[in-house]
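> mind folding the following:
(2 chains, ligands or ions: 1)
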Amino acid sequence: MKYEACIGLETHVMQKTRTKMFCGCKHEYGAEPNTNVCPVCLGYPGALPVLNMKAIELCCKAGLLLGCEINPHSTWDRKNYFYPDMAKNYQITQADEPLCLGGQVMAEVNGELKTFTLERIHQEENAAKNTHVSGASLIDYNRAGTALMEIVSNPCMHSADDAFAYIHALKLIMEYGGISDCDMEKGHMRSDVNISVRPVGQEKLGEKVEIKNMNSPSFIVEAINYEIDRQIDLIESGGAVVQETRGYDPDRGETFTQRTKENAHDYRYFPDPDLLPVEISAEQVAVWKSELPELPVQRRERYVSELGLPDYDARVLTAEKSISDFFDAACKQTKQYKLVSNYLMGKVASLVTEKGIAIGESRLTAETLAQVAELVGGGAISSSAANELIDVLFNEGGDPKAIVEEKGMAQVSDDSALEQWAEEAIAANAKAVEAYKAGNAASVNALMGYVMKQSQGKANPPAVIAMLKKKLDA
Amino acid sequence: MLNTKTISELSDLLERGECTSVEIVNDVLASIDSRDGVINAYLTLDREAALEQAKSADVARAAGKTGPLLGIPLAVKDLLNVKGQPCTCSSKILEGYISPYDATAIAKLREAGAIFMGRVNMDEFAMGSSTESSAFKKTRNPWNTDHVPGGSSGGSAACVAADEAVAALGSDTGGSIRQPAAFCGCVGLKPTYGMISRYGLTAFASSLDQIGPITKTVKDSAILLEAMAGHDEMDSTSLSLNPMTAVQLMTRNEALTEIPISDPKEYPSDTNKQNGMFSSELIDDHSLKGMKLGLPKEYFVEGMDPEVEQAVRDAVAHCKELGAEIVDVSLPHSKYAIAVYYIIATAEASANLARFDGIRYGLRLDGKDPAELYGKTRAAGFGSEVKRRIILGTYVLSSGYYDAYYLRAQKVRTLIRNDFVEAFKQCDAILAPVTPTPAYKIGEKTNDPLKMYLDDILTTPVNLAGICGLSVPCGFSKAGLPIGLQIIGDSFKEGNILKVGHAYEQTTEWHKQKPEL
Ligand SMILES: [Zn+2]
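Numbers count the residues shown, from 1 in each chain, chains lettered A, B, ... in the order given. As a prediction, this is how the structure comes out:
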């Protein structure tokens, strides 16, 4: 029998807010433990939550970017469970009336554009960070109560590739939308994965298994693949999948039982009496819509239609927001769009890989890269000199023109120098000259190579060709 | 004997330079020293700090500062956070906890110059009607020390009745201010939900809790209400209202209009004073002419003590003599109030009290894992009434029971509220008893929680409807125990009930009686 997997993701995204969800404490990564805390986020007696309207705005904007409907009346609930990462021992979340309903994520899977539908997006608060050291557990409440939204997809994915593409597309939209930095290492984006299998053609979903709290997309892929095989094997061998929560062990590449249905939490959701419902008017939604930033797919179109880039370039550049932003900034300073694109995809990309740092962490700026493109486009330096110049700018920074001057990178177009190099080349390469004269026009390239070598790359190639042809044809 | 006086009397004396705040605090301390050994109202006293604050108040007054609460000492129910003071909620689980912040109501009173003398006893986490569920002591009723002072704000009412305080703060979730005020012969005000910020009030049932005063006169309650009321950006359920002075608050009002939430800084200002809608003459005119007072037949319940019923009916007749028109109103769903209350209040409490887990503050008994630590800590820290209510609340929220209990209770709550909406179309305020009986004996009902729950039948509907209620002394039983008259008003119509209460009080002698101690 053939089986089909049905996969749904619940993705938690930490929003880029200045303060926490329900109190005025700062939201910052890496602060001294338990310094950004107050009676509210520590769950002290008598403290009350108050909504952070910026978080509401970001959640709704995320929803608008994903084509969700904004719920005009959304409410707050308490999710009850005891754990030391939750000071009140209940989490404020939205069970019945979330901020955003429906929506979809478009993603390219193996060259095919797929649409993955969403059920909802709701707003909630983050838990504290527990660290287990020998014989003790430490709790850092700096993260407690920070704004966290949960994007819930329908079980509409059918493979690990689908899930991977979905996560990637979602991450990109969150970054482009200014909703979250989506830094996986800082835990900005984590997913719970629901997986079930069913015989192809069957409508009813199979019994599902949930794999909790994964932040690495590659582990998610591994876990899904393992779990699909495990479930099919189980059914094939006459067994049945039981509804449960499983964990993923990346070292062994296996999932394992964490909590069975019998031991599942009863969260006892009920409306939080401390918070009033959020009422969002159509006018407010219209304002937020007008403020939405450009998404990757829109940028890609603009690069092709307005800047004349090949679609390949447009796709590569928009695959990472930081690169695309850098490109846009550089293109404000120069019209050499294709050259900027070439450098970003070529030399800059290889430097980023080689040094292991982000483009923003290097000393290269959009302005200096634009200047390099201008220098090349205007014939002042050669392409090889440009690569050398970018190397310097990336590592040390500085003024491109000054570096060109200082390092003698300027391209020579001066006729007397070119004439001398051309004559030397012709004298030293009798064979190539002969071949040229016999009708092999391409032989001129060998002569030009000689000139470039002699000139240490400073000769302007088109001018060299012209000079050589002038001499040979004379 | 400055401790026997009211806030407004003391404020006049201070104003005229006839006494100092230090003298007031010393008299209150002397009264506590001589009487609290029997009454047991105070859990902790902050003598030095109180005297220090009194000195500062006297200095401030000499420098020109004024105000009705400047230099006035108050007793605080032990669930309101006062920075640097304990806040045990009369529970072992919070023993040793020192509050790191001021509740908003406390901060406002502090700003007005009030002095926080000490913490007074209550039922553990405000769960009870007799203050017997306190983990620390049994507070006695000053009128008969074999009897309970009522609860949960029993310490607040007892210390005011015994003149161990000039006035006190309490909280009312299902009658916890009005009932002890009635039992102890004091005035108790439960303001409209949202009138006073709940920030810093340790939550029992968040949709029902309100802070309120327990005082010797209606006017004192109005003074404290004025100081504490208003929108607070730390409490989203606090409503934005036009500011009112005590005098305005004691004046019949048709509507307190809401001001936009975007402009909370409006408070305090005196826009109303300027527009001449209110005048102080009105409060000294004790006529109730033009006022309609509703009498709900359902509130004279079966099993009610005939002495209580008689005292309340006499009070109704008195109000009629003052010019009020008495109309019959019906509140048919109030009979479900106890059932609804004990579902909603316990459900909310089960979550509100989850934070007392031994991890960050308060009592902690270690365990091999978090679950064991929680279990041991909460088993040792909570008393049996609190445990009973947490279990009940957890049950009614459980999957499979939620719709039958919690959801249905919320629907009936709406019906109870609608009854009041209808009733207030016919009257300005409603008159009723506060409790079916006067204060009972200590220990009389501790083994029968259900019987004790039923005593809240006349007070819980007000909390469920989110409206305001006032308890005013209206007589004594033959055994010499006080009886209270309950005056119920619509949302933010505190003006109506304070006016009726003040007129009744000033034309009767009940509030002038003092217990023999
Ligand atoms: Zn905080």
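> now the strands for chain B?
Assigned strands in chain B, in chain order: B:42-45, B:73-77, B:115-120, B:167-172, B:187-190, B:210-215, B:292-296, B:325-329, B:429-433, B:468-476, B:482-489 (criterion: DSSP state E).
> of the ones you listed, which is nearest A:A380?
Each of the strands of chain B has some distance to A:A380 by Cβ to Cβ; the shortest is strand B:210-215, at 76.5 Å. C-betas here are computed from N, CA, C, even on glycine.
> what is the rounded mean pLDDT of that closest one?
Strand B:210-215 shows a mean pLDDT of 98 in the predicted model.
> please name the nearest non-neighbouring residue to the residue nearest in space to the middle of chain A.
Most central residue of chain A, judged by C-alpha distance to the mean C-alpha position with Cα atoms, centre = their mean, is A:L172 at 4.5 Å. In space, not counting the residues next to it along the chain, A:L172 is nearest to A:P296; the distance is 5.2 Å by Cβ to Cβ, 6 or more residues apart in numbering or on different chains.
> burial of that neighbour, as a residue count?
In terms of burial, A:P296 registers 20 neighbours under the definition other Cβ atoms under 10 Å in any protein chain shown.
> give me every residue that touches the residue in the stretch 51-200 of chain A positioned nearest to chain B.
Going by Cβ to the nearest Cβ, chain B is nearest to A:N89 of the stretch 51-200 of chain A, at 3.5 Å. Contacts of A:N89 were listed using Cβ atoms under 8 Å, 6 or more residues apart in numbering or on different chains, and they are A:43, A:80-83, B:351, B:354-355, B:357.
> ok, now B:T237?
Going by Cβ under 8 Å, 6+ apart, B:T237 touches A:273-276, B:193-194, B:198, B:206.
> run the last query once more with 7 Å
Contact partners of B:T237, counting by Cβ atoms under 7 Å, 6 or more residues apart in numbering or on different chains, are A:274, A:276, B:194, B:198.
> pick the one among those residues closest to the ion.
For the ion, the nearest member of those is A:D274. The distance, counting by Cβ to the ion, is 14.6 Å.
> domain ranges for chain B, per the record?
When chain B is parsed with automatic domain parsing, its domains come out as B:2-275+B:290-336+B:412-512, B:337-410.
> so what does the lengthiest helix in chain A touch, helix or strand wise?
With DSSP state H setting the assignment, residue counts place helix A:217-236 as the longest helix in chain A. In terms of contacts (3 or more Cβ pairs under 7 Å, 6 or more residues apart in numbering or on different chains; DSSP states H and E), helix A:217-236 is packed against strand A:3-14, helix A:160-176, strand A:189-199, strand A:209-214, strand A:254-260.
> check which residues of that helix are buried.
By neighbour count with 16 or more other Cβ atoms under 10 Å in any protein chain shown, helix A:217-236 contains the buried residues A:217, A:219-228, A:230-232, A:235.
> just to revisit the earlier point, now the residue nearest to the centre of chain A: how far from A:I357?
The spacing between A:L172 and A:I357, counted by Cβ to Cβ, to the nearest Å, is 21 Å.
> for the nearest residue to B:A112 once chain neighbours are set aside, phi and psi?
Of all residues not flanking B:A112 in the chain, B:L69 sits nearest, at 4.2 Å (Cβ to Cβ, 6+ apart). Backbone torsions for B:L69, taken as degrees, to the nearest 10, come to phi -110, psi 0.
> which residues does B:L69 contact?
B:109, B:112-114, B:223, B:227.
> check A:E10 too.
For A:E10, the residues meeting the contact criterion (Cβ under 7 Å, 6+ apart) are A:150, A:152, A:191-192.
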